[in-house]
Structures are given as C-alpha cells and as structure tokens.
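Chemist: mind folding the following:
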Amino acid sequence: MTMFTIFGVLVFGLVLLGIGVVMKKRWLSILSMVPIAIAVGQLAFLFLIGM
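Modeler: Residues are numbered from 1 along each chain as shown. Sure, this is the predicted structure:
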C-alpha cells in the first residue's frame, strides 16, 4: 500500500466512525474500526521497516 492509500483508508474509517456516532449506529462504529486498524497497522509496519 502506498502512503496515499493508507491515509485514504484511514480517512474512510474516520468518516465511517463519524457517521456511526452521529446516526447512533453502533454496528457502523464497530465496522469503521476495520479500516482504521488496517491503516494504523500499515503505518506501524512502514515505520518499523524504516528503522
């Protein structure tokens, strides 16, 4: 994944989280954790490779 794609997935997850909170949809908030976790994991992986 490129850095742009990682940030895109992170933004997508945050948007889903925001929509889930505003609409009070617990399942959408839980579902939004998947792209957020993927993006954070990829950022951590890139950071560890760089060290």
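Chemist: need the residue closest to the centroid of this protein.
Modeler: Note on the chain: the residue nearest the mean C-alpha position is I36, at 1.9 Å, using C-alpha atoms, centre = their mean.
Chemist: what helix or strand is it on?
Modeler: helix 33-50 (DSSP states H and E).
Chemist: contact partners of that helix?
Modeler: Identification of contacts with helix 33-50 by C-beta atoms under 8 Å, 6 or more residues apart in numbering yields M1, M3, I6, F7, V9, L10, F12, G13, L14, L16, L17. Backbone N, C-alpha and C define where each C-beta goes, glycine included.
Chemist: I'd like to know which elements the top helix by length along the chain is packed against.
Modeler: The residue-count maximum for a helix in the chain (DSSP state H) belongs to helix 3-22. For helix 3-22, the packing partners by 3 or more C-beta pairs under 8 Å, 6 or more residues apart in numbering; DSSP states H and E come out as helix 26-31, helix 33-50.
Chemist: would you turn the contacts of helix 33-50 into JSON lines with neighbour count and distance to A44?
Modeler: Compiled in JSON lines, those are given as follows (neighbours: other C-beta atoms under 10 Å; distance: C-beta to C-beta, whole Å):
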{"residue": "M1", "neighbour count": "14", "distance to A44": "12"}
{"residue": "M3", "neighbour count": "10", "distance to A44": "13"}
{"residue": "I6", "neighbour count": "18", "distance to A44": "10"}
{"residue": "F7", "neighbour count": "14", "distance to A44": "14"}
{"residue": "V9", "neighbour count": "19", "distance to A44": "14"}
{"residue": "L10", "neighbour count": "17", "distance to A44": "12"}
{"residue": "F12", "neighbour count": "15", "distance to A44": "18"}
{"residue": "G13", "neighbour count": "20", "distance to A44": "15"}
{"residue": "L14", "neighbour count": "14", "distance to A44": "17"}
{"residue": "L16", "neighbour count": "20", "distance to A44": "21"}
{"residue": "L17", "neighbour count": "18", "distance to A44": "19"}
